[in-house]
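*Asks:* After the sequence you'll find the predicted model.
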Amino acid sequence: MQKIKGIYAITPNEPINIAHIEALIIQHKISVLQYRHKRRPAVQTDKISNDQMKLNEALALRQLCTKHHTLFIINDDVNLALKSNADGVHLGQDDSRVKDVREQLGEKYIIGASCYNSISKAVQAESQGANYVAFGALFNSTTKPGAPICELDIISKAKQQISIPIVGIGGIDFSNQQKVFDAGCDAVAMINALFRPSKE
């Protein structure tokens, strides 16, 4: 899991732009790319279903990540992770338990788990086979404006109780990322700071 470090990019919920994402990977030396696709209206002109759109985008991103030796993670969707040959899947609070997904995927896939501001969730996720955990929102987030804030000292305390990498998420940009690394995070997740920098 030595590659869970540095900048962990998460795609915004909009049609992907491969050229733009490739430029970001190169510019910021992105180590992990997570494809996060919530349901979007199908493109009416060609009648592509939402599932087919997701698969097409995931396959394109898989190819890009392979080219640049970037880990490719799928948000929430285990079946899509398998179909696109992703490196792993990230599970939120409402997703399947880590233990069940580990049994389904086997050992070669990376599993990440959202722990929000709960150290006990992180300890449990590690015990069930998670490869990394995510804490946040660390700052006010425009992606999830109502998300509870996870204080940075929780990261420092969690670091003493778990041995897997910690990813910080929520309102992180290039001006505050060092605080997150200093608190003990191995990687910082960014959406708007990368894809919509004018909105920060």
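*Replies:* Looks like it arrived, so ask away. Numbering: from 1, shown residues only.
*Asks:* Report the secondary structure state of the spatially most central residue of the chain.
*Replies:* When the chain is reduced to its mean C-alpha position, the closest residue under C-alpha atoms, centre = their mean turns out to be residue 34, at 4.5 Å. What DSSP: H, G, I helix; E, B strand; the rest coil gives for residue 34 is strand.
*Asks:* if I pick it, what's in contact with it?
*Replies:* By C-beta atoms under 8 Å, 6 or more residues apart in numbering, the contact list for residue 34 reads 8, 9, 10, 11, 73, 74, 75, 90, 189. Any C-beta I mention is one placed from the backbone N, CA and C, and that applies to glycine too.
*Asks:* Need the max-distance pair from these.
*Replies:* Of all pairs drawn from the contacts of residue 34, the widest gap by C-beta to C-beta lies between 74 and 189 and measures 14.6 Å.
*Asks:* Output the below-cut-off pLDDT ranges for the chain.
*Replies:* 1-2, 39-48, 198-200 (pLDDT under 70).
*Asks:* Kindly list the longest strand within it.
*Replies:* Using DSSP state E, we find that the single longest strand of the chain is strand 110-116.
*Asks:* Give me the distance between that strand and the centre of its chain.
*Replies:* If you compare the mean C-alpha spot of strand 110-116 with that of the full chain, they lie 8 Å apart, counting by C-alpha atoms, centre = their mean, to the nearest Å.
*Asks:* now could you export just the CA positions of whatever helix or strand comes next after that strand as CSV?
*Replies:* Following the chain from strand 110-116 toward its C-terminal end, the next helix or strand by DSSP states H and E is helix 119-127. Once side chains and other backbone atoms are set aside, the C-alpha atoms of helix 119-127 remain, and they are given as CSV (Å, rounded to 0.1, in the frame of the first residue of the first chain):
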residue,chain,number,x,y,z
ILE,A,119,-11.5,5.8,15.0
SER,A,120,-13.5,2.7,15.9
LYS,A,121,-14.8,2.4,12.3
ALA,A,122,-11.2,2.6,11.1
VAL,A,123,-10.0,-0.1,13.6
GLN,A,124,-12.9,-2.3,12.5
ALA,A,125,-12.3,-1.7,8.8
GLU,A,126,-8.6,-2.7,9.2
SER,A,127,-9.6,-5.9,11.1
